[in-house]
Every structure is written in structure tokens, then in C-alpha cells.
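Peer 1: No sequence on hand, only this structure:
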């Protein structure tokens, strides 16, 4: 028998007994010490201390107690191996199996629910060796036409009819079969129908944790957990343990013992506890936003408030976890704050935060089960971190191949979560069309909440919260200004803008962040960084750019209705842009009139028209091509789908419709001529705005508005 098998494993010869009672008394409790052995072990130690010899009776495990008293630990503590940990769980499986089997000798198919996926194959290996069984952890064993020994299988190896037939053949030949899985319901239906008994290996509790410490670290007595007066061992025999800090024990995983494999005996509990807490810090939400600071999330915000209250009641024991409304899909574009809201909920409710993306669960061509394995591991990670909020983003990928094949497994995983797992599931999706109807069935994610794009007030609130500790002295008007300038952005972009603004202010003698710092960071986020290599433009090109942007700015400010202009600039950008005009967004309107569309067309044509007014038709540059493309798209929308050119809704392109193309060209020519005439009529204003851009290179919309108002006071502006 392999030396890697645990001590006292059924079928393994016991090691040599102690040479004398005194020698036995000086050793440790046996390997694979279990909670059920605690009282017997205590009685055994009392007998040895009194100089008596322990009786050899009971189960093979109990009979091995005296033989293992000598131990093999050192003063600095024994080294814990994967084999020992796997052996501990294999021993527990055998004990639980024996309790279920009773006196029956009928061969059975046992489903072994094992919650620690990273040790599943280790346990399967040790269990197979200890039972002298055939192992199918990496493929079904060959040469078992007449099985003479049991079979151990890992769950995802039993999906084909051939493997199912092999399991049946083992049972029909009088041999037990064991299928290791995370949960029984994850097995194929054909296997579930054959399962005779389920052996559920629980996660650690104070009793099993203390037993595992005795086993792995070869302790002379179970450790005292927490700072209660009685401690673990006293509570085990009936004393009351008050105030013990043992909540973390439920989050122990086998790997924690490996990380602390050589600690002194007296430091075992503290070392493992620190390992657990260090791992759980990955799921902390200390840096998340306070829920009270979130704004602009409408219905989702109200739902979240109710969820937080329910979780608090469940954690306090006032309601059961089954009464918590723990399933929802947050629907919205990237950046609207789905992740921000989920983290804020976790922080407010005192939950750990575990994040995953369904897009990472795609099956690979080489291994069809790889996607399932990743998904299952992350579900188990959330359960191991409980109480936790499990945020699964991008669930709309289940509408597309190859993820669509993963949907049944995902739904089964959701259904398999029980209240005792203490896991709240929040999902994220971008497209309502991508949310399969199966996801909204009872037992799945059920509720769909739409999260709108943040409005200017919500964005202003974000800036206020993110800058709260920076020492900035921004006024409410400043915050509203940058909120309007940021329309269309999400929380991640705002966070990036704030970091850039803080860096800009820090480089300038560490002063407080200003409104201009934020504005420059917003412009960089929207248009890219400034181009250092193109700052030295030829004088005529620089002047031409100034007139081009001045034309855009003037026509934007001459709209019949609409938002105010935000910025105009002639600073070149890395993306090739020589200048830009940034109009605002009118949050009060969600539709356009024909006049609105034509005003947009004129504003786009005004850059080219201003170049012509400034330097003549022969001096117009190729930089106008993008403006013309946008103007053409606006006009195509107006003529084919808007209903402004007739009631017929057409899905046609100008390239495929010569008659439409001719009409569109005529409209563009007429509008362009009108814009040229308007700028010629108001040439003094064009020169004033262009000159201001040449002087400043970048001018705010407020300052440009003052220039226009001064001009308007002297001369009517059509």
C-alpha cells in the first residue's frame, strides 16, 4: 500500500504500536482525527496517563489510535501535504458511507458531494487507492470487463453512454461505485437515476476544523478556538463556549492548511485564521462607494435598498436567507454603474463581493468541459466566501454560440444554490435582446431592472463623492458644469477623469483640483491626449483650423433650440484631429424635429463654409471630409426613416438609390450656400471667434456665448 495514504485508512496496515504505555502517552493523537473520535481520544489519553493500556476494540479507525500515539512531528511542526489533506477527506467519506450503509452489503452507486473543487481529483486518487478501486479521474479505466474491485469516478467523466454502461457493469458485478461531484444535481440525469445514496462532505465547522488541525499538525489535543472561556474542547464535551471567534472557520478551504504547513503547534489556529482572512480580503468592499452616495439609478436603486434591508435581517437571524430577494439582472450599457451598484450593495449589507463574467465560460475546442469547470469553480468560490454577493456580468452572451450551450448548466447552478449557501446573485447584461427568457424564470434570475445612462446630476454627484477627500473647493456650479460636460460617460470614465485631474493638479505644486483640470481630463477622455508632435503646425494651417472651428461654433450657437456649446479648441490630438467643437446635450428632450436635424446639418457644413469665407473656395482643405460624411448620414436619416420626407419608412442607402442621392446633393448644396452667405454677412463675428481661438487655443462655451451676446447687442444675429 502506498506510503501517501493516510494513517488509519481502511485497508492500510497500522504502523507499529508504541513500545510502552509511557512512549505512547508522549505522542500525539492519531492522523485523521475526526469529531466523532474526540471523546474516545480524551478517554484514551486519560487511560494512558494513568499507566493503563488502551483496549483494542471498535472500528479500524478507532483501533489505530493507540498505534499512532508516537507520532512523527517535530518541535517546529509537521509539514502538511496534499496527500494528507486528501486522505483526511477520503477518511471522512468512508465514515459517512459506513453510516449510510449500515449492515447492508448490497453494491451501491454513491454520489459524493465534495465542495472543494481544487482538491476533487486528489481525494478521488486517495479514495481509490485506499479502497483498492479502479480510478476514472482522467478517463475511464480499461481492462475492467470483469470488475473485481470498486470504481471511483470524477463527475465530468461520466457524460457518455459508454461510461454509464461501465458504472452499471461494476455494480452488477457486486462492486460499489463512487462518483465525486460538487452537487448531485450537477450529474447527468442518467447517473442521478442510478444513485443509491448521497454522501455529503460538509464544509468546515468548529468541530471538524479542530479535528483537522489535530490530524494535519499532529497536536496532542484539539486547539482552543476563539477567546471564549471554555474553548472548543470544553464545548465538545458539553461546556458552554461563549464569545468564541469562530465565524471564519466556515470559510476555511484545504489550501489554507497547505499555506501554513510548517507552523509551530501553538500557532496553528492563528496561522490558519490569518490565511483565511488574508484570502477573504480579496472580496472586501472597503473601497466601494457608500450606497447613500449613489444617484441616478432609479428603480435599481430602490430594489437595492430593499435587498440591503433583507440581508441585514437575515444576518441578524430575524428572517431566513430563503426570504431574501437574491436574484436580479441589471440591464444597461457598459459604464452605467452595474458593478458600482453591486459593490455598494455588498458593502452596505456586510457581504463579501465575488465577481465573474459569463464571457469567460466559453467551452474550448480541446475540452468541452472547461467552461463548465470554470463556472463551477467560481460558484464554489462565492459559496466559500459566504455570506457573499456573487456578481456575474455579461449574461447576455448566453444568447450566442458557444455560450448558448452553457445556459442549462448555468441555470442548474443557480437552481442548486440553497438558502444555507448565503449567496446573493446579481447579474449584468447590456442588451435586453440578449437576455434569454430562461434566465427570468422562477428559480433563475427572475427580475430585470433597467439602469439608465447617468444624467448630469448623477455625474455631478459622482464627481462630488470622488473628490470629497481631495481638498477641492469646487462649487455646485462647477460640479454641474463638469456633469454636463461628461454626459454620455459612465462611472469608470468618471473615475479615470478624476484620477487624471488629481494628477494634473498634483504636478502643479500640489494645488487643489480645479474645474479646468476636470474639463481637460474629460476632453482627453473623449478625444484622446494632445499631440506633441503636431503642436507646431504651419501658420496658415493653424489659422485655417481656427476659422473652421469658429464656423462650427457660431452655427452651434445659432440653433433654434438646443444645449449650450461646451468647448472649442484648435489643439491637435493624437487621433489626428486638428481641432474640435464640443456641443452640449439637451437632457430635457428625447426626440428631434426636422428643424433640429437641419440645424445639425448646417453646423457640420459650417466648418467648410468658414474656410471658404476666410481664404476662398480654392483654399478649402480635406479636413472637412468627416463633417460631410456626418451631414450626409443626418440627411439620409431625414429622407428615409424619420417620416419628414413622407410617411413611407425606407431602409435605403444613397449609394443604392440614385434619385435619393440627387435630392440629397441638392439639399446639401442649398444649405451650404445659405451657411456661406450667413458667415459672410457676419464676418466680424467669425473673425472675432477665430482670433480668440488663435490667442487662447481653447475657449469655453461660456466665453464664446458672451462674445456672441456682445455681437448680438450691436447687430441682429439671424
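Peer 2: On my side now, so go ahead. These numbers come from a predicted model, not from an experiment.

Peer 1: contacts, neighbours, all on C-alpha from now
Peer 2: Noted.

Peer 1: Going by residue numbers, what spans are strands in the stretch 551-700 of the chain?
Peer 2: Remark: strands assigned in the stretch 551-700 of the chain by DSSP state E, counting those that start in this stretch are 565-569, 580-583, 698-700.

Peer 1: Pull up the gap between residue 647 and residue 550, please.
Peer 2: With distances taken as C-alpha to C-alpha, to the nearest Å, residue 647 is found 37 Å from residue 550.

Peer 1: Report how many residues lie close to residue 561.
Peer 2: 12 (other C-alpha atoms under 10 Å).

Peer 1: Need phi/psi at it.
Peer 2: phi -160, psi 160 (degrees, to the nearest 10).

Peer 1: Give me the local confidence score for it.
Peer 2: Residue 561 is assigned 80 on the pLDDT scale.

Peer 1: Model confidence score at the residue lying closest to it once chain neighbours are set aside, please.
Peer 2: Leaving aside its chain neighbours, residue 561 sits nearest to residue 596 (7.5 Å; criterion: C-alpha to C-alpha, 6 or more residues apart in numbering). Residue 596 is assigned a predicted lDDT (pLDDT) of 90.

Peer 1: Just give me the neighbour total for residue 596.
Peer 2: Look at residue 596: counted by other C-alpha under 10 Å, it has 15 neighbours.

Peer 1: Pull the contacting residues for it.
Peer 2: By C-alpha atoms under 8 Å, 6 or more residues apart in numbering, the contact set of residue 596 is 559-561.

Peer 1: related to what we said a few turns ago, comparing the strands of the stretch 551-700 of the chain, which stretch has the densest surroundings?
Peer 2: Highest mean neighbour count of the strands of the stretch 551-700 of the chain: strand 565-569, a mean of 22 (counted as mean count of other C-alpha atoms under 10 Å).

Peer 1: State the mean pLDDT of it.
Peer 2: 89.

Peer 1: partners of it in the sheet?
Peer 2: Using DSSP bridges, strand 565-569 pairs in its sheet with strand 580-583 (antiparallel), strand 698-700 (antiparallel).

Peer 1: Do you know the pLDDT at the residue lying closest to residue 175 once chain neighbours are set aside?
Peer 2: Leaving out its chain neighbours, the residue that sits closest to residue 175 by C-alpha to C-alpha, 6+ apart is residue 150, at 4.8 Å. Looking at residue 150, its pLDDT is 93.

Peer 1: Quick one: low-confidence residue ranges for the stretch 101-250 of the chain.
Peer 2: For the stretch 101-250 of the chain, the stretches with pLDDT under 70 are 137-145, 156-160, 226-245.

Peer 1: and what of the chain?
Peer 2: 1-78, 137-145, 156-160, 226-245, 368, 532-536, 717-718.

Peer 1: wait, residue 125 sits on residue 135?
Peer 2: Yes: using C-alpha atoms under 8 Å, residue 125 is in contact with residue 135, at 6.9 Å.

Peer 1: For burial, what's the neighbour tally of the residue lying closest to residue 387 once chain neighbours are set aside?
Peer 2: Distance criterion C-alpha to C-alpha, 6+ apart; nearest residue to residue 387, sequence neighbours excluded, is residue 422 at 5.0 Å. Applying other C-alpha under 10 Å, we find 25 residues neighbouring residue 422.

Peer 1: residue contacts, residue 422?
Peer 2: Counted by C-alpha under 8 Å, 6+ apart, residue 422 has contacts 321, 383, 386-388.

Peer 1: Likewise for residue 567?
Peer 2: Going by C-alpha under 8 Å, 6+ apart, residue 567 touches 581-583, 698-701.

Peer 1: Would you mind measuring from it to residue 540?
Peer 2: Residue 567 is 23 Å from residue 540, by C-alpha to C-alpha.

Peer 1: Check residue 627 too.
Peer 2: 21 Å.

Peer 1: out of those two, which sits in the busier spot?
Peer 2: residue 627 (16 against 10).

Peer 1: if I read this right, that one contacts residue 604, doesn't it?
Peer 2: Yes: contact criterion C-alpha under 8 Å: residue 627 and residue 604 qualify, at 5.4 Å.

Peer 1: which residues are common contacts for these two?
Peer 2: What both residue 627 and residue 604 touch, as defined by C-alpha under 8 Å, 6+ apart, is an empty set.

Peer 1: hey, where'd the strands end up in the stretch 101-250 of the chain?
Peer 2: Going by DSSP E, counting those that start in this stretch, the stretch 101-250 of the chain shows strands at 109-113, 134-136, 151-154, 177-181, 197-200.

Peer 1: what does the stretch 301-450 of the chain give?
Peer 2: Under DSSP E, counting those that start in this stretch, the stretch 301-450 of the chain gives strands at 327-331, 352-357, 388-393, 423-429, 447-450.

Peer 1: So for stretch 586-600, what gets flagged as buried?
Peer 2: 597-600 (16 or more other C-alpha atoms under 10 Å).

Peer 1: Now distance to residue 338 too, for these, in a markdown table please.
Peer 2: Shown next, in a markdown table, are the buried residues of stretch 586-600 (distance: C-alpha to C-alpha, whole Å):
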| residue | distance to residue 338 |
| --- | --- |
| 597 | 33 |
| 598 | 37 |
| 599 | 36 |
| 600 | 33 |
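
Peer 1: Distance from the chain centre to stretch 150-166, please.
Peer 2: With C-alpha atoms, centre = their mean, to the nearest Å as the basis, stretch 150-166 stands 33 Å off its chain's centre.

Peer 1: Could you do stretch 387-404 as well?
Peer 2: 10 Å.

Peer 1: measure that stretch end to end?
Peer 2: 29 Å.

Peer 1: Which one, of the strands paired with strand 565-569, ends up nearest to residue 81?
Peer 2: Closest of the strands paired with strand 565-569 to residue 81 is strand 580-583, at 63.5 Å (criterion: C-alpha to C-alpha).

Peer 1: what does the closest one rub up against?
Peer 2: Under C-alpha under 8 Å, 6+ apart, the answer for strand 580-583 is 549, 552-553, 556, 563-570.

Peer 1: quick revisit: which one of the buried residues of stretch 586-600 is nearest residue 475?
Peer 2: residue 600 (32.4 Å).

Peer 1: Tell me which residue is most central in this protein.
Peer 2: Nearest to the mean C-alpha position of the chain, counting by C-alpha atoms, centre = their mean, stands residue 355 at 2.4 Å.
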